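Okay, predicted coordinates and the sequence, questions at the end:
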Amino acid sequence: MSDLRRLLAWSEFRFAARRLRRSPGFAAAVVLVLAIGVGTTTAMFSLVNGILLQPLPYPEPGRLVRLTHTVANAGHATVDQSDATAMLYQDRAQAFDGIAAWRFDDGDLGASEADQTAVRVRGARVTANFFDVLGVRPAMGGTFAPGADRPGAARVVVLSHHLWRERLHGDPGAIGRQIVVNDVPRTIVGIMPPGFAYPARQVELWLPLALDPAHTRPATLNLVGIGRLRRGVSPEAARADLVRVLTSVGGESSATWQGAHVTPHVQSLRDSIVGPVSHLLWFVFGSVLLVLLVACTNVAGLMLVRAERAQVELAVRAALGSGLTGMLALTLSESVLLSVLGGGAGVLLAVAAMRVVPSTGTALSLPRLEEVGVDAPVLLFALGITAFCALFVSVLPLLRARRVPIAQLLRGGGSGRTGGRSPQRRRDALVVSQIALAVVLVALSGLTTRSFLRLQEVRPGFDADRVVTSRVLLPYARYGASRRLDFFESLTREARALPGTRSVALTDWVPLSGDQHAQAIDVEDDPSQAATGGAEHPVAHVDGPYFQTLRIPLLQGRTFGPQDVARPADEAIVSRAFAERYWPGASPLGRRVRTLGGRWYTIVGEVGDVHYDGLAEPANDMVYFPIVVASEQGDGANLPPALSLVVRTDAREGDVLSGIHRIVRALNPALPTYDEGALSDLVRDASARARALVVLLAIAGIVTSLLGAVGLYGMMAYGVSIRRRELGVRMALGAQPADVSRIVSLGGLRLAGIGIVIGTACTLATSRLVRGLLYGVSPTDPVILTVTAVALLVVAFVASWIPARRAAAVHPAESLRAL
């Protein structure tokens, strides 16, 4: 116990601080290296903790689940709920305290005050029990009353705290006020608390979702279902309960579900939110841990060299009565003091890094960013890794202090240098470890960089250069089909008159915009679709000039003609991928398709494939329908309420958007435009995650390479200083300076070679962990591994060259006089 108190004595720390003040360069280097390691690791852990480890911010979050299905016959891995399944589960499932459903539904928010204009906001349609299932109470007012989602119910809305403050200026009397959403007056019944961010942090308002029990087909599974399990009920038991409910339905609905092989599934709500990014986050976190290990290894090498140079001082302290405990206390106190300073600086670095978390998180498509921060668990983690650093960097110096040959050093006249193979092996092991870790990170950086370059080579299937898009939504309440067509025809006509305009088109789905437009498509005379009513395919509504405007090649046939509400066209156009799926090697022209059991559409054209969902995803097997189509009831025409204007222009983006704004204001001053900008930005953003990953790993690879080079240089330089006499003797016996330089350089390259072999083996052993993050590149790509090895050999050669030159400059006479 007394020895432990001696090791941790305050006087030892004061003495260590005085010693470090005499070596400011050494202290600054150690603190900087540890700050980089601790700071990056702490910042990354804050993301992992806030997104992956912390429970959802709802009461008893472990009971919250997401309800999904698989539709085997239609080839769907995961789909959600239909109106019918949501109502069925709400009425008959016994394993849940409640089941709710929602879907995104953006809206135009009208002006509440004279100085305001209409804006487009992110919204969600939810069942009346949505907030009750989550267990969330509003900050003001209430939520939806039972029955608020039934036809004929009062028109109400719940606002986010952010929208309440920004749009209503935090009015304490907002409950009961009316706002206009999509030209429909709605009464505010509640204001949600700050930070409530489900289903997404961008959602600003929640509207009641009116369920339609007629939506029973597998093709209409477009609602997200969530549930709260009864206490004591497992997800497996809940799934069995849903299977029971689904198979107990009689009549035509039962045949529909069973024929399509629809199977319910129950998943933790947290896993459904963070599951798509968990692999990415753990991978980046593991990479950052490697940076920390390299930093600690580098510092351990510096501490070991310092301990070897201080051997005489340690021997004198021991001879004067401090004993082994005194030597250990001096070594340990320096390590702890430097680790604490480095850890503190690292925490400050992590706090500063939180400023870039929103932009980095958005680029990586990370959820729950509002819950990320440097909180108590993160500070405890930082404390833990600081303690780890102190222990790691102390081990070798402490072992060295235990073996200090006191008598030999005192007899040696204070040279402070002892030979022996054991210290050299420890130094070599540190160098090899740093090089091996650097190989892993540099190889990973190279793999992700090559993957990103491959992704950049993917042709999206259209020409995005000098194309501007802007979206407008026309509320059903004020715009029937005929008025909508008149509005969009006026919009396109005026847009064509803008300076620099080359062509103009309309679509309800801009490629790479993040929208999802999929429907079940029946293909005439296709026996595989008899049970399911069609496989799901992405669908877009476009006008005739769309393909020319985006320069999507027309492979055969023709495009759409002029749109007419009085005579909706019964024509369709398909992509090459769609045609090859159903009629490989044959022409699709003249074939017929339909949606949701509606009218048949004759295929009049085949166009090139386009990547609508993402560049890393296969090109979509698309079906294009005209803007104006027959209504589902067959008693008139219909067209989408929201369409994007697509303009190919020679003018500046800002000038084009200003012109579109003027046109829309002239047609209807109350309508906002949204989702607007250059199409080339969407193409660039499609690879944003890959680009962010490349940057993160490139930084990690560069840092570890530099640390490895510095560590190798330091060890080689120290080795030369220790071997100065030996090298002088060699030269006195006839060795040439080039021979001495070669000996030192080859020693450094030998250590680098061993580290490269070990690092390459580790990279190959962990290749499966990175496979899912790469596009078009094998995780064992020999080119990347070879380039990595050569690059680090070059770095090692440069790091060894300076000590080798110094070794060659040793004068034999000086070395012999020192003997």
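In hand now; what should we look at? Residues are numbered from 1 along each chain as shown.

where exactly do the helices run in the stretch 501-650 of the chain?
546-550, 576-582 (DSSP state H, counting those that start in this stretch).

out of the ones you listed, deepest packed?
Neighbour counts (mean count of other CB atoms under 10 Å) averaged over each of these peak at helix 546-550, with a mean of 21. In this view, the C-beta of every residue, glycine as well, is placed from N, C-alpha and C.

Would you mind pulling the contact partners of that one?
Outside helix 546-550, the residues that touch it by CB atoms under 8 Å, 6 or more residues apart in numbering are 462-464, 467, 503-507, 511, 552-554, 559, 573, 607, 624, 646-648, 679.

what's the answer for stretch 128-139, then?
Applying CB under 8 Å, 6+ apart, the set of residues contacting stretch 128-139 is 58-60, 64, 90, 97-102, 143-149, 158, 161, 190-194, 196, 198, 206, 208, 226-228.

among these, which are in strands?
Counting by DSSP state E, the contacts of stretch 128-139 place 64, 97-102, 158, 190-191, 206, 208, 226-228 in strands.

Relative to residue 29, which of these is nearest.
residue 64 (49.3 Å; CB to CB).

low-scoring stretches of the stretch 301-450 of the chain, by residue?
308-328, 359-360, 362-364, 397-423 (pLDDT under 70).

For it, just list every one of the helices.
311-317, 323-353, 357-363, 376-402, 406-411, 421-457.

I'd like to know which elements the fourth one is packed against.
In this structure, helix 376-402 makes packing contacts with helix 24-48, helix 269-309, helix 323-353, helix 421-457, judged by 3 or more CB pairs under 8 Å, 6 or more residues apart in numbering; DSSP states H and E.

Compute the inter-axis angle for the first one and helix 323-353.
Pointing back at helix 24-48 there. 50 degrees (axes from the mean of the first three to the mean of the last three CA atoms, to 10 degrees).

do the same with the last one
Relative orientation of helix 421-457 with respect to helix 323-353: 10 degrees, computed using the same axes, to 10 degrees.

ok, and for helix 421-457, which residues are buried?
The neighbour-count check on helix 421-457 (16 or more other CB atoms under 10 Å) flags 423, 426-452, 454-455 as buried.

Now tabulate the helices of the stretch 501-650 of the chain in a markdown table and tack on mean pLDDT and distance to residue 110.
A markdown table is the format used below for those (pLDDT from 0 to 100; distance: least, CB to CB, whole Å):
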| stretch | mean pLDDT | distance to residue 110 |
| --- | --- | --- |
| helix 546-550 | 96 | 31 |
| helix 576-582 | 94 | 41 |
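
Nearest approach to residue 639 belongs to which of those?
Of all the helices of the stretch 501-650 of the chain, helix 546-550 comes closest under CB to CB, at 13.9 Å.

Pull out the CA atoms of that closest one and give them to me as CSV.
Below are the C-alpha coordinates for helix 546-550, written out as CSV (Å, rounded to 0.1, in the frame of the first residue of the first chain):
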residue,chain,number,x,y,z
TYR,A,546,-38.8,14.8,-70.9
PHE,A,547,-36.4,12.3,-72.6
GLN,A,548,-35.0,14.9,-75.0
THR,A,549,-34.5,17.4,-72.2
LEU,A,550,-32.5,15.0,-70.0
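
how about residue 476, secondary structure?
coil (DSSP: H, G, I helix; E, B strand; the rest coil).

who's in contact with the spatially closest residue to it that is not a sequence neighbour?
Among residues not flanking residue 476 along the chain, residue 641 sits closest, at 6.0 Å (CB to CB, 6 or more residues apart in numbering). Listed by CB under 8 Å, 6+ apart, the contact partners of residue 641 are 473, 474, 475, 476, 479, 484.

For residue 118, see how far away the closest residue to the third one other than its chain neighbours is.
In space, not counting the residues next to it along the chain, residue 475 is nearest to residue 183; the distance is 3.9 Å by CB to CB, 6+ apart. Remark: distance between residue 183 and residue 118 (CB to CB, to the nearest Å) = 10 Å.

Now the common contact residues for these two.
In contact with both residue 183 and residue 118: 108, 110, 670, using CB under 8 Å, 6+ apart.

Switch those residues over to a markdown table; also include distance to residue 26 and secondary structure.
Output for the shared contacts of residue 183 and residue 118, formatted as a markdown table (distance: CB to CB, whole Å; DSSP: H, G, I helix; E, B strand; the rest coil):
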| residue | distance to residue 26 | secondary structure |
| --- | --- | --- |
| 108 | 64 | strand |
| 110 | 66 | coil |
| 670 | 69 | coil |
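
Could you tell me the end-to-end distance of stretch 450-464?
23 Å (CA to CA, to the nearest Å).

Count the neighbours of the closest residue in space to residue 540 that isn't next to it in sequence for me.
Closest residue to residue 540 apart from its sequence neighbours, by CB to CB, 6+ apart: residue 509 at 4.2 Å. Neighbours of residue 509 under the rule other CB atoms under 10 Å: 20.

show me the residues around residue 509 that make contact.
Per CB under 8 Å, 6+ apart, neighbours of residue 509: 515, 517, 538, 540, 541, 612, 644.

let's see it at 6 Å
515, 517, 540 (CB atoms under 6 Å, 6 or more residues apart in numbering).

among those residues, who's most crowded?
residue 540 (22 neighbours).

Quick check: buried residues in the helix or strand harbouring residue 786?
According to DSSP states H and E, residue 786 maps onto helix 782-808. Buried residues in helix 782-808, defined by neighbour count with 16+ other CB under 10 Å: 784-785, 788-789, 791-792, 795-796, 799-801, 803-804, 806-808.

do stretch 173-188 as well
174, 175, 179, 180, 181, 182, 183, 184, 186, 188.

Quick check: the farthest pair among those residues?
Top of the distance list for the buried residues of stretch 173-188 (CB to CB): 175 and 183, 22.4 Å.

and the angle from the helix or strand harbouring residue 247 to helix 269-309?
Assigned by DSSP H and E, residue 247 belongs to helix 235-248. With the same axes, to 10 degrees defining the directions, helix 235-248 sits at 160 degrees from helix 269-309.

CA atoms of helix 235-248 as CSV?
C-alpha atoms of helix 235-248 as CSV (Å, rounded to 0.1, in the frame of the first residue of the first chain):
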residue,chain,number,x,y,z
PRO,A,235,-40.8,-9.8,-30.9
GLU,A,236,-41.0,-13.5,-31.9
ALA,A,237,-44.3,-13.9,-30.1
ALA,A,238,-45.6,-10.7,-31.6
ARG,A,239,-44.7,-11.9,-35.1
ALA,A,240,-46.6,-15.2,-34.5
ASP,A,241,-49.6,-13.1,-33.4
LEU,A,242,-49.5,-11.1,-36.7
VAL,A,243,-49.2,-14.4,-38.7
ARG,A,244,-52.3,-15.7,-36.9
VAL,A,245,-54.2,-12.5,-37.6
LEU,A,246,-53.2,-12.4,-41.3
THR,A,247,-54.1,-16.1,-41.9
SER,A,248,-57.4,-15.8,-40.0
